[in-house]
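Asker: Requesting a structural model of the entry that follows:
(chains A and B)
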Protein chains: 2
Amino acid sequence: MKKSDTEQIRAANRVDIINTLRVFGPLARVDIGQRTRLSPATVTAITSDLVAEGVIREVQKPVSATGRGRPRVLIGLNPDHASALGIKLSINEIRLMLGDLQGNIVAETVVTADTQSLDQASLNDLLVDQASRFLEDYPDHARRLVSLGVAIQGIVDAHRGYSVWSPALSIKNVNMTAALEAAFECPVELANDTNCIAHAIHKHPEYLQKPDFAVIMIGYGVGGSLILNGDLYSGHNGAAAEFGHTKYTPTGPTCACGKAGCIEAYVADYALYRDARALIDLPETDRRHPSEDEMRHLTQLARDGSTPARELFDRAGRVLGFGIANVLALISPERVVVTGPGVRAYDLLEDSIQAGIQEALIPELVGRTEIQSYPWSEDMTGKGVIALALGHFR
Amino acid sequence: MKKSDTEQIRAANRVDIINTLRVFGPLARVDIGQRTRLSPATVTAITSDLVAEGVIREVQKPVSATGRGRPRVLIGLNPDHASALGIKLSINEIRLMLGDLQGNIVAETVVTADTQSLDQASLNDLLVDQASRFLEDYPDHARRLVSLGVAIQGIVDAHRGYSVWSPALSIKNVNMTAALEAAFECPVELANDTNCIAHAIHKHPEYLQKPDFAVIMIGYGVGGSLILNGDLYSGHNGAAAEFGHTKYTPTGPTCACGKAGCIEAYVADYALYRDARALIDLPETDRRHPSEDEMRHLTQLARDGSTPARELFDRAGRVLGFGIANVLALISPERVVVTGPGVRAYDLLEDSIQAGIQEALIPELVGRTEIQSYPWSEDMTGKGVIALALGHFR
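Answerer: Down below sits the predicted model:
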């Protein structure tokens, strides 16, 4: 409550109402009050401002099944009031997405580009150029653009807007936000992909009121994210939470980061496929990125009873369990949510994750924490980066 | 800024001023405003209330060296306005401490008791009985008692006031606060010893404005604590941060917790002494608690060039480095502060801690985080638990 004064409180309450409507809306005024714990007078005053500005609008409640009772006036965000642009940079691919004020993706396009050959200047040009072209096709969105969000794999300094290291780029310590900020004259958020995914999950009604949970992303790499005290936690260096590079053993298989024994070096798609090829007759693949089909094939081999494939997933689950045990000991979260393309094999991993945790920790340290999987969809990163950008709409 | 209203803001600003004076006081009104970022009008209004209530008082600034300039009126807490009782329960020992409003320990006593034989009822009786007797000797403090704090080693559920597991007790899941709350009719805080130490460090002027740091306690055990976004973080289960039971290897030496390969099983006094006795001719000791003298002797052997002793400390440092690497990857803190009785050997550990971190993590993940030792003193736990209890003074 630093520097509190009436205006700041009102601004904070306004944001609170907008965010509540984004997640739970449309809502009756009385329900807005209940969810935000604001007084009826405050809700009425702020919502009437928001209606006048066109940020929200009254919508009719669908007639109830029984058809009885007076229909209540519900209030919802006006999705067309503001827009945000999300950019997801991956290896040789830029995905551009337009989000409405509700946080829904209303348009997207994918552009290929040789991301590995970029330097800071050509990266700046590429980002600004692609964003401008994409927005040209959507002049209405361009006019009401409030913010941009950029998602990238790897280690990010979220506070300074730098990609510290990313598999998508061959250059390190590269600014991802300044050129876009200058070109579009609005704030630009940068986050790594897993923090975007965590942000998307956090905006889900079931998770919004969970103050402490960890998200673990498994798939092309292994990432982590922490929601602590109800907020995304990015740490002093802005790089939290690099779960994939916590350790299973001080020695062990080589990780994409160059070190040995990282959780990722056992659990990521590339690690599973690499180790499987030493034991099973599998076609060659991109050593860093086995395809989804190749990973599904390997997963199916394990389900069909292939002992070496089965043992690989058992080991990956156990390693994941040990890694999660460290998170439980340090953070004591309410939940650990496992998601990402790698949950395609969650049925093969689940028992050994639990076994790994039990082996690593006494029950008192496991506590009441639940481990659960969350269904993966390709657009979670995009939804998350747009949600992050929309945080600037006030 | 939930449920914000003028009264709540005023209460929060009042706490802010009290806490600022506790750490930085005495201060001129203008400096209070600067540190709290409150307006002069707010500072004047709240400090005049506090003066009227006797919580703070005006003190004269010592005449400056040059003797020039008008002496400014400084404001400081009135240490005699309120008191808190701290209780530290260790194996076979209860330490009782009285703290004044400034947070200074003004009286203390140590009572021996067979803590291992206690059940819930006799523990309740013992705590209430010892606290009552101690307070009888200090009737002035008893009259102005605002809160109690209890510190205990082991896993604590800070939210519910339970000792989940402690080496000091043979019973698990035991409530530590309810009987004291009923007897003294005031709030009682429970924290594990490392969280108390972190709280004491956090109240140090140099650390108060560091939003994200980790504290690692080495000595009779290995503990951890996280200050995140400027607050002590205890997690959903209230047990964060059990750094000592994060893993160096999935197998490895047995830890006091019963599992294998925990950081504590390499770094704690009992682990170092146990492993040293296999290699060096050392007298037998309490297997869980080598004495300070015995540990100093072992440390001196290493300093004097004993290869096996030296190698043990090297290994302990490297293990600690790997454990810290996991904290860096997950939390990305500004600092990691190593303290506790074990810092007696920090000169022997420091290089291998750094080597362990470098071996475990790529430089991008080490980031700008500093690792440093903090001088250990016996009363840090006591100061911390009293600071925690004084949080209830508003």
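
Asker: alpha carbons only for contacts and neighbour counts from here, please
Answerer: Will do.

Asker: Which residue is it, in the stretch 251-394 of chain A, that comes closest to chain B?
Answerer: Proximity to chain B, evaluated over the stretch 251-394 of chain A using Cα to the nearest Cα, is greatest for residue A:330 at 4.2 Å.

Asker: Secondary structure class of that residue, three-state.
Answerer: Classification of residue A:330 using DSSP: H, G, I helix; E, B strand; the rest coil returns helix.

Asker: residues in contact with it?
Answerer: B:224, B:240-243, B:246 (Cα atoms under 8 Å, 6 or more residues apart in numbering or on different chains).

Asker: again, only using 7 Å
Answerer: B:240-243 (Cα atoms under 7 Å, 6 or more residues apart in numbering or on different chains).

Asker: for chain B, what are the nearby residues on the stretch 51-200 of chain A?
Answerer: residue A:164 (Cα under 7 Å from any Cα of the partner chain).

Asker: And for the residue in the stretch 101-250 of chain A positioned nearest to chain B, nearest residue in space, chain neighbours not counted?
Answerer: Per Cα to the nearest Cα, residue A:241 is where the stretch 101-250 of chain A lies closest to chain B, at 4.2 Å. Excluding the flanking residues, the one nearest residue A:241 by Cα to Cα, 6 or more residues apart in numbering or on different chains is residue B:330, at 4.2 Å.

Asker: Quick check: the gap between the one you found and residue B:365.
Answerer: Residue B:330 sits 10 Å away from residue B:365, going by Cα to Cα, to the nearest Å.

Asker: And for residue A:34?
Answerer: In terms of Cα to Cα, residue A:34 sits 42 Å off from residue B:365.

Asker: what about those two, which has more around it?
Answerer: Each of residue A:34 and residue B:365 has its neighbours counted (other Cα atoms under 10 Å in any protein chain shown); residue B:365 has more, 26 against 12.

Asker: Need the pLDDT of residue A:149.
Answerer: If you check residue A:149, the pLDDT there is 97.

Asker: my bad, should have said residue A:342
Answerer: So, for residue A:342, pLDDT stands at 97.

Asker: Go ahead and confirm it touches residue A:219.
Answerer: Yes: with contact defined as Cα atoms under 7 Å, residue A:342 reaches residue A:219; the gap is 4.2 Å.

Asker: one step back: the residue of the stretch 101-250 of chain A closest to chain B - that's part of a strand, no?
Answerer: No: secondary structure of residue A:241 (three-state DSSP): coil, not part of a strand.

Asker: how many other residues sit next to it?
Answerer: Based on other Cα under 10 Å, the number of other residues close to residue A:241 is 31.

Asker: what does residue A:200 give?
Answerer: 22.

Asker: got the residue ranges for the strands in the stretch 1-150 of chain A?
Answerer: Applying DSSP state E, counting those that start in this stretch to the stretch 1-150 of chain A gives strands spanning A:27-28, A:56-60, A:73-77, A:83-90, A:93-100, A:105-112, A:145-152.

Asker: Quick one: closest of the ones you listed to residue A:354.
Answerer: For these, proximity to residue A:354 was assessed by Cα to Cα; strand A:145-152 is nearest, at 30.5 Å.

Asker: So what are the sheet partners of whichever helix or strand comes after that closest one and their directions?
Answerer: As assigned by DSSP states H and E, the chain's next helix or strand after strand A:145-152 is strand A:155-157. Taking DSSP bridges as the criterion, strand A:155-157 sits next to strand A:162-165 (antiparallel) in its sheet.

Asker: quick one: average confidence on the partner strand?
Answerer: pLDDT averaged over strand A:162-165 gives 94.

Asker: next one: stretch A:190-198
Answerer: Rounded mean pLDDT across stretch A:190-198 is 94.

Asker: just how off-centre is it within its chain?
Answerer: Its chain's C-alpha centre and that of stretch A:190-198 lie 4 Å apart, by Cα atoms, centre = their mean, to the nearest Å.

Asker: Helix or strand with the lowest mean pLDDT in chain A?
Answerer: Ranked by mean pLDDT, DSSP states H and E, the weakest helix or strand in chain A is helix A:205-208, scoring a mean of 82.

Asker: quick one: is that helix near chain B?
Answerer: No: if you take Cα under 7 Å from any Cα as the test, helix A:205-208 misses chain B, and the best it gets is 14.0 Å.

Asker: Next SSE downstream of that helix?
Answerer: strand A:213-218.

Asker: Could you list every helix and strand that that following strand packs against?
Answerer: strand A:222-228, strand A:335-339 (3 or more Cα pairs under 7 Å, 6 or more residues apart in numbering or on different chains; DSSP states H and E).

Asker: now the angle between strand A:213-218 and the shortest one, please.
Answerer: What it means is strand A:335-339. With axes from the mean of the first three to the mean of the last three Cα atoms, to 10 degrees defining the directions, strand A:335-339 sits at 20 degrees from strand A:213-218.

Asker: What does the pLDDT read for the closest residue to residue A:78 other than its chain neighbours?
Answerer: What sits nearest to residue A:78 in space, not counting adjacent residues and going by Cα to Cα, 6+ apart, is residue A:56, at 4.8 Å. pLDDT recorded at residue A:56 is 95.

Asker: For residue A:56, which residues are in contact?
Answerer: Residue A:56 makes contacts with A:50, A:75-78, as judged by Cα under 7 Å, 6+ apart.

Asker: List just the nearest of those residues to chain B.
Answerer: Among those, and counting by Cα to the nearest Cα, the member closest to chain B is residue A:50, at 19.3 Å.

Asker: Spatially, what comes nearest to that closest one if we skip its sequence neighbours?
Answerer: residue A:56 (5.6 Å).

Asker: how close does the one you found sit to residue A:24?
Answerer: 13 Å.

Asker: Helices along the stretch 201-350 of chain A, start to end?
Answerer: Using DSSP state H, counting those that start in this stretch, the helices of the stretch 201-350 of chain A run over residues A:205-208, A:264-267, A:269-277, A:292-303, A:307-331, A:346-360.

Asker: So which residues on the stretch 201-350 of chain A come close to chain B?
Answerer: Going by Cα under 7 Å from any Cα, the residues of the stretch 201-350 of chain A near chain B are A:212, A:235-243, A:245-250, A:259, A:326, A:329-334.

Asker: quick one on the thing from earlier: what's the pLDDT at the residue nearest to residue A:241?
Answerer: Confidence for residue B:330, expressed as pLDDT, is 97.

Asker: and if you look at residue A:60?
Answerer: pLDDT at residue A:60 comes out at 72.

Asker: List the residues that contact residue A:260.
Answerer: A:250-254.

Asker: which among those end up buried?
Answerer: A:250, A:253 (16 or more other Cα atoms under 10 Å in any protein chain shown).

Asker: Low-confidence regions, the stretch 151-300 of chain A specifically.
Answerer: For the stretch 151-300 of chain A, no stretch has pLDDT under 70.

Asker: rerun that using 90 as the cut-off
Answerer: Scanning the stretch 151-300 of chain A for pLDDT under 90 picks out A:154, A:167, A:203-211, A:229-231, A:236-240, A:284-289.

Asker: about what we covered before: looking at the helices of the stretch 201-350 of chain A, which one is packed in the most?
Answerer: Of the helices of the stretch 201-350 of chain A, the one with the most neighbours on average (mean count of other Cα atoms under 10 Å in any protein chain shown) is helix A:264-267, at a mean of 30.
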